[in-house]
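Colleague: I need the structure of the sequence given here:
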Amino acid sequence: MHVQDDSEAACPAELDKAEGEACCGSFRTLARMPRSVFFISGNEFCERFSYYGFRAILVVYFSRWLSWSDDRATQMYNVFNMLYYAMAALGGALADSPLGKYRIIMAFSVVYAIGNLVMAVTAIPGATGTPPSGWGCILGLLLVAIGTGGIKPCVNAFGADQLDQRDPALMETYFALYYFIVNLGSISMFITPLVRANFSCFGVSECYPLAFGLPTILMIMAVVLFYMGRGLYQHHIPKRNIILDTVKAIYTGARCHVKDHWIEGNGGARRWLDYAEPTFGKDFIKQIRSLATVLLIFLPMPLYWTVYDQLGSRWTLQAEKMQLFSLGALGEFQPDMMQSANTVLLLLLIPVFQKAVYPFFARIGLAATPLRRMRVGMLLSALAFAVSGGVQIAVDRGTAVPMAPTGTSLLRCVNTLFVPATLPALNLTVAPDTIGTYMTVPNGMLTAQALIGEQALLVNTTLVGAAYTLYLVNNVTTPAVVIVQDQFTAFAQSSDSGYFQLFNALSYPVAVTGSGEDDSFAIRAGANSAVGFDGNSLLSGSHQLSVKVSPGVPNAAGQYPSAIDVDVIAGALYTVILFPDKAVVVQESDGNAVSILWQVPQYIIATCGEILFSITGFEFAYTEAPENMKAVLQAFWLMTTAFGSGIIIVILLIVNFSSDSAMLFAFAVAIFAVFVLFTALTWNYRYRKLREEDAAGPTTTSETAALLGPAESN
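Modeller: Residues are numbered from 1 along each chain as shown. Now for the predicted structure:
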């Protein structure tokens, strides 16, 4: 079996941030680095700080500030990703045009900074209306996606253009510096969530204008730094735009083939790309055919990215429902910080794979060829989503609220009177001063009598598949019935707070206030009335609820408590019921009982999968492309991610998953299906080096099959 040497596959000029570790150089040569490189590196640090800090808080901003549903937040996050990667392909094409990399980077950077500014300004309360509208967010996301996508494929290559290509030590040092700068910028994934959570502004406890404003400032600095080095840059303007010429050649061949064979009816065995040879040359067309061999393998890639990109959306939404932990003086660890685990693990695990994992398998006779790595990476990614599905089941148990089966409603009776009550139609008897449990009743009109001593009270209401509480109260001098629909899900929730609703069973108005070190709420309720959850929250921890009545209002029992101690659990829902002689706090859900640290295993597995699949995929796309087709293949690789983001948008629009855990398990199955298809497509694949060494292989009428050659173990 002949395999490609991994050392031959490395090409630093096309590496993404995580690949730099494999070709790190010595920083001793920094003194010989052109000054222009430091302006470019400074620009890259500021831009990456802006990008990662911006993206880290997006999903939380969607769900908390704009009150979008989880599905809509996920869709918008993926729309942003799709535009970002699509623009990256466009940026690469434009950078190889006569415009040159400098003009492209400068123009797209300005658009990028404007987009960040729009996000920061429209996050100010009232800037887009009350409640906030999403138009400002959508405009900002569009500009940022265009800007960051446009410069993504250009900055690294432009920095390499400043160096002497004949000095490998200098090149290695540059890419080590580039890799360090990129990952240094990613610390913003930890910083912006802290800024969002720990600063209040414009009367709001979470300061999104400042959290988006910090990336804006860094992006403006990136533009200024890049502009300051304009007199030092070396410019390499290509004579030919390979990406555009490839598209033109494919279009020309297809158009002429259709015209010749289908319109004019000419037969013959002439292949469709042959029609483009007179215009673009035989060698160029041969390289396009070689490109098709690799593109065939790319076919299942979009579905893989469809699932994998959920790390930044669905996993963040999962983290919002989990138990946080303290960072001491920095406050609590925030749900959107968990994304930084991926970056930290990449830094830690890439050297482990390069220095230990790959050599170990080589020693035992299982060479870690690129295709083998990618297959194992897919399996690990599927396992990561299966693990996340298991975690989601545990999370759902803690955050579950009373829910009625289809076609039914839930009903419970709270008797605040000092005498028992009976509801014969429901076969229910409630002792005095008692809170009953929920029972299932059919939807529709409920007509019953509540027998209280010698009195019969009419119960008449329509049940519509929700949870209801029937309160028996004393309306000044006579008993009365009050039915309240419990709004357990009809309000926006934060992962670090518990929420309170109130029912005042007293015959006079009251005010209930909850206070802690950093937050408070105040509820005013009239006699025998209810107030819902929305806005009535306290951060997790020990708190005190104070009950006050208006001066001069007599206390019927004469012993009403003025304060209630309560230990608030983040994510939990509470109902405060004011009986005539006591206050009772009912915990309706367990809250965020699962620690966010239980996400660490799925992040470790997913990061290992990313190292094996994504990083190796960039390497494979580069080394298998013809020499002057590398930019084209990199553009196609980026486009697979863009298509993947588009697929998840469609899936969420047409598929109604029964639960979040079902969705995550479905994602795991989808990646496994991609693994099966990818394995089938690559099982007989022959690496480019082998094809070049064995040019006399068998031929066939199929262009792609002719390029694959005889079977080779992969």
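Colleague: any stretches of the stretch 251-400 of the chain with poor pLDDT?
Modeller: Scanning the stretch 251-400 of the chain for pLDDT under 70 picks out 263-270, 367.
Colleague: show me the helices in it, by range?
Modeller: Secondary structure of the stretch 251-400 of the chain, counting by DSSP state H, counting those that start in this stretch: helices at 277-280, 282-297, 301-308, 314-319, 340-352, 358-363, 370-399.
Colleague: how about the residue in the protein that sits furthest from its center?
Modeller: Glu454 (60.7 Å; CA atoms, centre = their mean).
Colleague: state the phi and psi torsions of it.
Modeller: Per-residue torsions, Glu454: phi -100, psi 0 (degrees, to the nearest 10).
Colleague: picking up where we left off before, out of the helices of the stretch 251-400 of the chain, which comes closest to Ile124?
Modeller: Among the helices of the stretch 251-400 of the chain, helix 314-319 comes nearest to Ile124, with 23.4 Å by CB to CB. In this view, the C-beta of every residue, glycine as well, is placed from N, C-alpha and C.
Colleague: run through who's touching that closest one.
Modeller: Helix 314-319 is contacted by residues 59-60, 63, 70, 73-74, 335-336, 338-339, 388, 391-392, 395, 495, 596, 599, 602, 660, 663-664, 667 when judged by CB atoms under 8 Å, 6 or more residues apart in numbering.
Colleague: just the pLDDT for Pro168.
Modeller: Looking at Pro168, its pLDDT is 66.
Colleague: next: the one 5 residues further on.
Modeller: As summarised for this prediction, Thr173 has a pLDDT of 68.
Colleague: coming back round to it: and the helices of the stretch 251-400 of the chain as CSV, adding distance to Phe503 and mean neighbour count?
Modeller: Below are the helices of the stretch 251-400 of the chain laid out as CSV (distance: least, CB to CB, whole Å; neighbours: other CB atoms under 10 Å):
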stretch, distance to Phe503, mean neighbour count
helix 277-280, 77, 15
helix 282-297, 63, 17
helix 301-308, 45, 24
helix 314-319, 31, 25
helix 340-352, 42, 17
helix 358-363, 64, 13
helix 370-399, 22, 21
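Colleague: so can I have TSV of these showing distance to Thr447?
Modeller: Output for the helices of the stretch 251-400 of the chain, formatted as TSV (distance: least, CB to CB, whole Å):
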stretch	distance to Thr447
helix 277-280	82
helix 282-297	67
helix 301-308	51
helix 314-319	42
helix 340-352	56
helix 358-363	73
helix 370-399	35
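Colleague: to Val204, which of those lies closest?
Modeller: helix 314-319 (20.6 Å).
Colleague: gap between the closest one and the chain center?
Modeller: For helix 314-319, the distance from its own C-alpha centre to the chain's C-alpha centre is 7 Å (CA atoms, centre = their mean, to the nearest Å).
Colleague: what's the answer for stretch 610-629, then?
Modeller: That offset, for stretch 610-629, works out to 25 Å (CA atoms, centre = their mean).
Colleague: can you dump the C-alpha coordinates of that stretch into CSV?
Modeller: Extracted as CSV, the C-alpha positions of stretch 610-629 are listed here (Å, rounded to 0.1, in the frame of the first residue of the first chain):
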residue,chain,number,x,y,z
GLU,A,610,-12.7,19.1,14.3
ILE,A,611,-8.9,18.5,14.4
LEU,A,612,-9.3,15.3,12.4
PHE,A,613,-11.9,16.5,9.9
SER,A,614,-11.8,20.3,9.5
ILE,A,615,-8.0,20.9,9.8
THR,A,616,-7.2,17.8,7.7
GLY,A,617,-9.9,18.8,5.2
PHE,A,618,-8.1,22.1,4.6
GLU,A,619,-4.9,20.2,4.1
PHE,A,620,-6.5,17.7,1.8
ALA,A,621,-8.2,20.4,-0.3
TYR,A,622,-4.8,22.2,-0.7
THR,A,623,-2.6,19.2,-1.5
GLU,A,624,-5.0,17.5,-3.8
ALA,A,625,-5.6,20.5,-6.0
PRO,A,626,-3.6,21.2,-9.1
GLU,A,627,-0.9,23.8,-8.5
ASN,A,628,-2.7,26.8,-9.8
MET,A,629,-6.2,25.5,-8.7
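Colleague: quick one: buried residues of it?
Modeller: 610-626, 629 (16 or more other CB atoms under 10 Å).
Colleague: next: stretch 430-449.
Modeller: 430, 433-436, 438, 441, 446, 448-449.
Colleague: hmm, back to that, which pLDDT does the model give the residue farthest from the centre of the chain?
Modeller: pLDDT, Glu454: 80.
Colleague: do the same with Ala706
Modeller: For Ala706, pLDDT reads 33.
Colleague: now swap in Phe491 and tell me
Modeller: For Phe491, the model assigns a pLDDT of 58.
Colleague: assumed Ala450 was part of a strand.
Modeller: Yes. Under DSSP: H, G, I helix; E, B strand; the rest coil, Ala450 falls within a strand.
Colleague: residues in contact with it?
Modeller: By CB under 8 Å, 6+ apart, the neighbours of Ala450 are 421-423, 456-459, 470, 472, 481.
Colleague: go with 6 Å
Modeller: 421, 423, 457, 459, 481 (CB atoms under 6 Å, 6 or more residues apart in numbering).
Colleague: most neighbours, which of those?
Modeller: The most crowded member of the contacts of Ala450, judged by other CB atoms under 10 Å, is Ala421 (25 neighbours).
Colleague: chain center to stretch 309-320, what's the gap?
Modeller: 5 Å.
Colleague: okay, it in CSV with CA atoms only?
Modeller: What follows is stretch 309-320 as a C-alpha-only set of coordinates in CSV (Å, rounded to 0.1, in the frame of the first residue of the first chain):
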residue,chain,number,x,y,z
ASP,A,309,-22.2,24.6,13.1
GLN,A,310,-24.8,24.0,15.8
LEU,A,311,-21.9,24.2,18.4
GLY,A,312,-22.3,28.0,18.3
SER,A,313,-26.1,28.0,18.5
ARG,A,314,-27.8,24.9,19.9
TRP,A,315,-25.1,24.1,22.4
THR,A,316,-25.2,27.7,23.6
LEU,A,317,-28.9,27.5,24.0
GLN,A,318,-28.4,24.3,25.9
ALA,A,319,-25.9,26.1,28.2
GLU,A,320,-28.5,28.8,28.9
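Colleague: re the thing from before, closest one to Gly115 among the helices of the stretch 251-400 of the chain?
Modeller: Gly115 lies closest to helix 314-319 among those, at 21.0 Å (CB to CB).
Colleague: isn't Tyr52 up against Ile187?
Modeller: No. The pair Tyr52 / Ile187 is not scored as a contact, 8.0 Å apart, by CB atoms under 6 Å.
Colleague: neighbour count winner among those two?
Modeller: Tyr52 (23 against 16).
Colleague: which of the contacts of helix 314-319 are buried?
Modeller: The neighbour-count test (16+ other CB under 10 Å) marks 59-60, 63, 70, 73-74, 335-336, 338-339, 388, 391-392, 395, 495, 596, 599, 602, 660, 663-664, 667 as buried among those.
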